[in-house]
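[1] Predicted model, plus sequence, below.
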Amino acid sequence: MDKLLFGDNQFFGINHMSEEKARAQAMRFQHTDAIMDVLDVAYDAGIRTFMCTTHDRIAEIAKRVKADPARYDGFQFYPCMPYAHKYANAVTEHGMVGALREFMPKDGLLATALTGTKALATKEVDGIAKVLIDMEMKMFEGTKAPVIFIQNVFTDLLLGMGFTRAFRIFDEHIRANYDAEPAYITMNMPMLLDALENEGIERPIICSNINKIGFRMSGGFDAYLDALKSGRVRAVAMSVYASGAIPADEAIHWISELPGVESLVFGASSAGNIRGTKALVDRYMGAAT
Amino acid sequence: MTKVKTAVVGLGKMGLSHFSMINAHPDVDAVACDGSGFMVDVLSRNISTPIYKDYTDMLAREPLDAVVIATPSRMHAPMVQAALEKNCHVFCEKPFCLDWADSLRLSELATSKGLVAQVGYHYRYVGAFQEMKRLIEAGAIGRITHVLAEAYGPVVMRPKRTTWRTDKAEGGGCLYDYAAHPLNLLNWFFGSPDQVIGSHLGQIFSEGTDDEVFSTLRWNDGPTAQLSVNWSDESHRKMSTKISLIGTNGRIYADRQECQLYLRKPVDSLPDHGAGWTVKYTTELTDDRWFYLRGEEYSGQLDEFINAVKNGEKGARQNSFASATETDQTMAMIIENAETGLSVGEARAAAPQARKKRSWFGR
C-alpha cells in the first residue's frame, strides 16, 4: 500500500465539525469536474491512491480515469463498500427483505428465494452477499483496485451482532474474484482484530481512527497501541488530525513513529493542504509512496 | 448482578443497530426477538446469540433483566406493559406511545415498580445539545423569547407506501418520526407548552400520513417557538435537527455537530465565555463509549441505560418515560390543533402594555 491515500469525505458533504461547511463542500463538488480538479492536484503531487465510497458519483470518476490511461497510468482505487445511505433509504422504503429483493437480479434464483416463505439456506445467504459485493464493484471494472474495504457502519454493525462469518465470505470472495486484498474500516479496531483472527483472517488490513489524542478510538487508546505494536494488523490511519484538533506536523510525526501503521488516509480540497500533507508524509514516513 | 440479561425486540433499522451495540456491551448477555422469519432465520444460522420469533414466548422462557423495544410504534404500549409486568427494565424507541394515556399509565407503572424506564431520544446525548441545555440553565442569553426548532431529511421522496414508517395508524409519518426529536428537545429545555396554534400536518408524497409539519408553541413563562419539519427534503444527506434560540443577551444555535453561542455581554455564571461568539464542537464535547456504531449518542444512551440497571437505580438517568410522555402529549396537541383548526391549551396573554401617547416632539 502507498504511504498516503486520498479520501473522499470532502466531496460528498461529509464534515464532522460543521453542517454549514459540509453544505458548502456539497455545493462546490456537485459537478464531477470540480472533484476531478482536486484529484488531479493530488495525483500530480504524487498521491496515486483514491480511497472512495461506492457512491454513484464515483462511477463518473472511474469512467474518466479509464478514459485517459496515459494521464492516469498509476491511478488506483481502494473502493469502500457499501454506500450505506443507499441501503438505509431502501430499507425505509421497502423494508428489510423488500430492499434486498430490490438489489437482486430480477427473476434470479435469489430474488425468488427472498419472495418465498421457506427459510433461506446458508448457501443462499452467501449468494446474496456475493451479489451485493459484485454490484458495488461494477463501477471499478477496468480500473486498478488492489485493496477493497467494507465501510465502517457495515463492519461495525456485523461486528457488534457477532455476524463475523460475513467477514469470511467477503475475504474469500474478494481474494478469489478480484485479485485484491480484502480490508476493513472500523471505529472499533481492537475488537475487530480479535474477531477477524477468530475467523482465521490473519494480519488483516484495518483502517481506523489513529491519532495522538485518542479521538474516536473506541475500545481505548492503549488497546489500539497494543494492537499496533503486536504486529497482528496492517493499519491504515484515518482522522490523523482528529478533525483539526492536532497540528499537521505534530500529527504526522507522531503517526510515523508508530509501528504497524502502513498508510494514512486524509481528505482535503485545497492544493495547499494536499501538498502540505504529502510533504509531511515524505519527510516523516519516507518518500516512497 | 454480573451481566444484564437484555433482549432486543424488533430487528428493523433501529433494532439491528441497538442489537449490535447491546450485544457488544461488556456488561450485557443479549438475546433478540423479531417477528419476521427472514431476520430470525438469517441471524440464528450465523450468530451465537439466541433469536426468538415470539415475544410472549421469549418473556416466558428467558430470565430477563431488561428489554429494548424497537418495534413499530403502535406495538410499543402492549410490549412495554408486558415487559414491566415481568419486572423488566425497559428501553423503548421513540415515539413512546401513540396514545399519551398509555404513556402516562406505563410511566406510573414503571415508577411504582422502581424500574429503569427510558425512551430513545438520542439527541439528548448529543454533545452540542447538552451544551445548549447547559447554557440555557446558566442563563447565558437572558430571557429567551424566540425559538426555531427544525428537522429536515430525505425519507419519503416519492409516492409509495410500503412500510410502517409511512402508515399513520402504525405510528409512522413525519410528526412521529422526525418532529418528535426537536419537540423532545424543546420539552427538555422549556417543559410542556401551554398552547399550540397554527399547526399544519401536510402531505407531499405520502397518501396515508404527513410529510411536513409546522406548528407554533407557546410557554406562558417562556418563549414562543416555531416548529418547521420536512422529511421529503433531498438537499439534506441525512436527518438534520437544529435549534435556534434568541434571548435578551444573545443567541444560541445547535445541531448535531456544534453549538454556537453569541453573547452580548459576559455573564457571571460562564466565566470562560467572553462577549461575542463561542463555538464548541460535539467532537470535543463527547467522550468515547465502549463501542461506536453510528455516533456516540446512540452508544451513550444504551450505556447509561445498562449502567443504571446494573447499579440497581430506581429510574432512568435521562429520557424517563415521564419525560417522553410530555413529548407524546405535545404531539397530541399538534394533531388536535391541525385537525380542528382551534387553538389547543390556554395561553395567558401577556399584560397588554398601555399605549403611550406620543407627540411628534415628546418621545
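    Yes, it's here. Numbers count the residues shown, from 1 in each chain, chains lettered A, B, ... in the order given.

[2] Number of residues surrounding A:Gly142?
    Residues lying near A:Gly142 (other CB atoms under 10 Å in any protein chain shown) number 11. (C-beta placed from N, C-alpha, C; glycine too.)

[3] and the closest residue to it other than its chain neighbours, how far is that from A:Ala59?
    Leaving aside its sequence neighbours, A:Gly142 sits nearest to A:Lys66 (CB to CB, 6 or more residues apart in numbering or on different chains; 5.2 Å). A:Lys66 sits 11 Å away from A:Ala59, taking CB to CB, to the nearest Å as the criterion.

[4] what separates A:Leu193 from chain B, distance-wise?
    Using CB to the nearest CB, to the nearest Å, A:Leu193 is found at 14 Å from chain B.

[5] repeat for A:Gly220
    8 Å.

[6] ok so, going back, pretty sure the residue nearest to A:Gly142 contacts A:Lys144?
    No: contact criterion CB atoms under 8 Å: A:Lys66 and A:Lys144 do not qualify, at 10.2 Å.

[7] in the stretch 101-250 of chain A, which segments are predicted with low confidence?
    A:107, A:116-119 (pLDDT under 70).

[8] closest point of it to chain B, which residue?
    Closest to chain B within the stretch 101-250 of chain A is A:Gly160: 3.0 Å, counting by CB to the nearest CB.

[9] Please identify the buried residues of stretch B:93-106?
    Buried positions in stretch B:93-106, judged by neighbour count with 16 or more other CB atoms under 10 Å in any protein chain shown: B:93-98, B:100, B:102-106.

[10] Contacts for that stretch, please.
    Stretch B:93-106 is contacted by residues B:10, B:14-15, B:18, B:69-71, B:73-74, B:76-77, B:80-81, B:84, B:117, B:119-121, B:171, B:176, B:180-181, B:184, B:321, B:324-325, B:327-329, B:331-332 when judged by CB atoms under 8 Å, 6 or more residues apart in numbering or on different chains.

[11] how long is it end to end?
    End-to-end distance for stretch B:93-106, by CA to CA, to the nearest Å: 14 Å.

[12] Chain A contacts on the stretch 251-363 of chain B?
    B:255-258, B:281, B:283-284, B:288-294 (CB under 8 Å from any CB of the partner chain).

[13] Include pLDDT, neighbour count and secondary structure when you put those into JSON lines, please.
    Listed next are these as JSON lines, based on pLDDT from 0 to 100; neighbours: other CB atoms under 10 Å in any protein chain shown; DSSP: H, G, I helix; E, B strand; the rest coil:
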{"residue": "B:Asp255", "pLDDT": "96", "neighbour count": "23", "secondary structure": "coil"}
{"residue": "B:Arg256", "pLDDT": "94", "neighbour count": "20", "secondary structure": "coil"}
{"residue": "B:Gln257", "pLDDT": "92", "neighbour count": "22", "secondary structure": "coil"}
{"residue": "B:Glu258", "pLDDT": "94", "neighbour count": "22", "secondary structure": "strand"}
{"residue": "B:Tyr281", "pLDDT": "89", "neighbour count": "19", "secondary structure": "strand"}
{"residue": "B:Thr283", "pLDDT": "80", "neighbour count": "20", "secondary structure": "helix"}
{"residue": "B:Glu284", "pLDDT": "84", "neighbour count": "15", "secondary structure": "helix"}
{"residue": "B:Asp288", "pLDDT": "81", "neighbour count": "19", "secondary structure": "coil"}
{"residue": "B:Arg289", "pLDDT": "85", "neighbour count": "21", "secondary structure": "coil"}
{"residue": "B:Trp290", "pLDDT": "88", "neighbour count": "18", "secondary structure": "coil"}
{"residue": "B:Phe291", "pLDDT": "93", "neighbour count": "24", "secondary structure": "coil"}
{"residue": "B:Tyr292", "pLDDT": "93", "neighbour count": "23", "secondary structure": "coil"}
{"residue": "B:Leu293", "pLDDT": "93", "neighbour count": "25", "secondary structure": "coil"}
{"residue": "B:Arg294", "pLDDT": "88", "neighbour count": "17", "secondary structure": "coil"}
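
[14] For chain A, what's the nearest residue on chain B?
    Closest point on chain B to chain A, by CB to the nearest CB, is B:Ser20, at 3.0 Å.

[15] That residue: which element?
    According to DSSP states H and E, B:Ser20 maps onto helix B:13-24.

[16] So for chain B, the centremost residue is which one?
    B:Tyr121 (3.0 Å; CA atoms, centre = their mean).

[17] wouldn't that residue be in contact with B:Pro182 here?
    No: look at B:Tyr121 against B:Pro182 with CB under 8 Å: they stay out of range, at 10.5 Å.

[18] quick one: least confident helix or strand in chain B?
    Scoring the helices and strands of chain B by mean pLDDT, DSSP states H and E places helix B:282-285 at the bottom, with a mean of 84.

[19] thinking again about what came up before, what pLDDT does the model give the residue nearest to A:Gly142?
    If you check A:Lys66, the pLDDT there is 96.

[20] Identify the residues contacting the residue of chain B closest to chain A.
    Counting by CB under 8 Å, 6+ apart, B:Ser20 touches A:156-161, B:293.

[21] And B:His122, by the same measure?
    B:295, B:297-298, B:300-301.

[22] Provide the backbone phi and psi angles at it.
    phi -70, psi -20 (degrees, to the nearest 10).

[23] What is the longest helix belonging to chain B packed up against?
    Counting by DSSP state H, the longest helix found in chain B is helix B:321-340. Using 3 or more CB pairs under 8 Å, 6 or more residues apart in numbering or on different chains; DSSP states H and E as the contact test, the elements touching helix B:321-340 are helix B:100-113, strand B:117-119, helix B:180-190, strand B:195-202, strand B:212-218, strand B:344-345.
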